[in-house]
Each structure stands twice: as structure tokens, then as C-alpha cells.
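Chemist: With the input below, show me the fold.
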Amino acid sequence: MVCKGWWPQYLPNITKLLWEDHGNWCSALKKKACMFIHDHYEWDPQNHCPINAKLAKSLLEHGKFLRHGVDIEGHTNNFAHPAPSGLIINFFYMGSNAIASIFPEVFEKEVPCPAVALTTTAIKVSLDEMVMEGREVTFKCDVYADVYIDLLGLMVKCDTAPVHCAKTKALHVEWVSIGMNGSTTSGMNMGFDVDLD
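Modeler: Just a heads-up that it's a prediction; the model follows:
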């Protein structure tokens, strides 16, 4: 049993555990990320590797893979693309051993930013593999920690604009609602960005 109020105190250790357990976490998350990128981004119908590599490279430019259009007021929907959104719900909330059921205190109100950063990092790993035309890219802490940190920084950047802070918070809460209901529908500057329009 986990004592009430433990979450803030152990955040760094949980994050480290997620990164270091390569055998299970990273491979399972990467496998699911590959499925989600294939299902939720546009690819060459003939499945030509060089064409798909260019498409993946385009998605990685300025973090386009994170965005999903604009709202009715013309504000960019940052961190709202169905691929990372679906992966967050699937990985953290689905199944009998879902992390959200193991750590309900952490995951019952909203998806924590480190979980969002971890899943969006896994999406980037899968897109990097597409850019490499199918050659395996290893999801390792020493390679992708800077991406993870950069993504956390982008979430902090979103929080500096009231409109985007509210939208991001609403997304984190919506993902919990979808995940809890069992539905599967929707450092180093890595060159990603969010639009604070």
C-alpha cells in the first residue's frame, strides 16, 4: 500500500525508474508508439521507405507531430494530436496492469506532465526510426533524455499563456476521463516548439 501524499516526494525516483527499466517499459512503449504513428499520421499509400522517411522528418520539424489543428478561436492545439493522445490513454490507463490503476493517486485527476513527456518521446523515437527508413532506433535514456526534458519545457512554456495553459490542463483531464472509462479513442533544444497564439 502506498501512503497518501507520497507522489511529489518520489517524482524523481518514479521518472528514473521509468527510464531505467529498458527491458519492459521502453520496449513496450516503443512498440505501442509504432502502432499509433502508423494509425494516426499520413503515410505513403505504397509504403515507400524514402517517401515515409520524408513525411516523418516533416512531422518532426518544430514538433508538428504534437499538434492537431486549431480551435474555433484559431489557437493551436498543442500536445493534442491523436497519436500521442491515444498512446497516453492506451499505455497508462488500459489493461489490468495499467500504471493508472497501480498509482491511482498520481493518475486519477489528470495525466502528469512526465507521463506526457515520456509518451511523446516514444512517438519521437518511432518517427526517428521512420526517418532512418526502418533501421532500429534504440529508446535509451542517454540518447533521448534531452528530448524528454525539452518536451517538459514545452509544457511549461504552454503554461505561460493562459489560453494554452487551460487547454493543456483540459487535455490532461480529458485523457483521464477517456482512460478511466476504457475508451481507446482519442535541456537540449530538439527544434520542437508550441505556438502561443
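
Chemist: Secondary structure element holding the residue nearest in space to the middle of the chain?
Modeler: Nearest to the mean C-alpha position of the chain, by Cα atoms, centre = their mean, lies Thr120 at 2.4 Å. Per DSSP states H and E: Thr120 is located in helix 113-131.

Chemist: Can you list the helices and strands that that helix packs against?
Modeler: helix 7-20, helix 27-40, helix 49-60, helix 82-93, helix 141-159 (3 or more Cβ pairs under 8 Å, 6 or more residues apart in numbering; DSSP states H and E). Backbone N, C-alpha and C define where each C-beta goes, glycine included.

Chemist: and with 6 Å instead?
Modeler: helix 27-40, helix 49-60, helix 82-93, helix 141-159 (3 or more Cβ pairs under 6 Å, 6 or more residues apart in numbering; DSSP states H and E).

Chemist: where are the low-confidence patches of the chain?
Modeler: Applying pLDDT under 70 to the chain flags residues 1-23, 182-192.

Chemist: neighbours around Phe196, how many?
Modeler: You called it Phe, but residue 196 is Leu. 15 (other Cβ atoms under 10 Å).

Chemist: ok, Glu136 to Leu127 distance?
Modeler: 14 Å (Cβ to Cβ, to the nearest Å).

Chemist: In terms of neighbours, single out the busier of the two.
Modeler: Leu127 (24 against 8).

Chemist: wait, doesn't the more buried one sit right on Lys57?
Modeler: No - with contact defined as Cβ atoms under 6 Å, Leu127 does not count as touching Lys57 (8.2 Å).

Chemist: Contacts for the helix holding Thr120 next, please.
Modeler: Contacting residues not belonging to helix 113-131 are listed as 15, 18, 29-30, 33-34, 37, 52-53, 56-57, 59-60, 83-84, 87-88, 92, 137, 139, 144, 147-148, 151-152, 155 [Cβ atoms under 6 Å, 6 or more residues apart in numbering].

Chemist: Mind giving me the PyMOL select for these, buried ones only?
Modeler: Buried residues within the contacts of helix 113-131, by 16 or more other Cβ atoms under 10 Å, are selected in PyMOL with:
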select buried, resi 15+18+29+30+33+34+37+52+53+56+59+60+83+84+87+88+92+137+139+144+147+148+151+152+155
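
Chemist: quick revisit: would you reformat the helices and strands packed on helix 113-131 as JSON lines and include distance to Gly69?
Modeler: Output for these, formatted as JSON lines (distance: least, Cβ to Cβ, whole Å):
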{"stretch": "helix 27-40", "distance to Gly69": "13"}
{"stretch": "helix 49-60", "distance to Gly69": "14"}
{"stretch": "helix 82-93", "distance to Gly69": "11"}
{"stretch": "helix 141-159", "distance to Gly69": "16"}
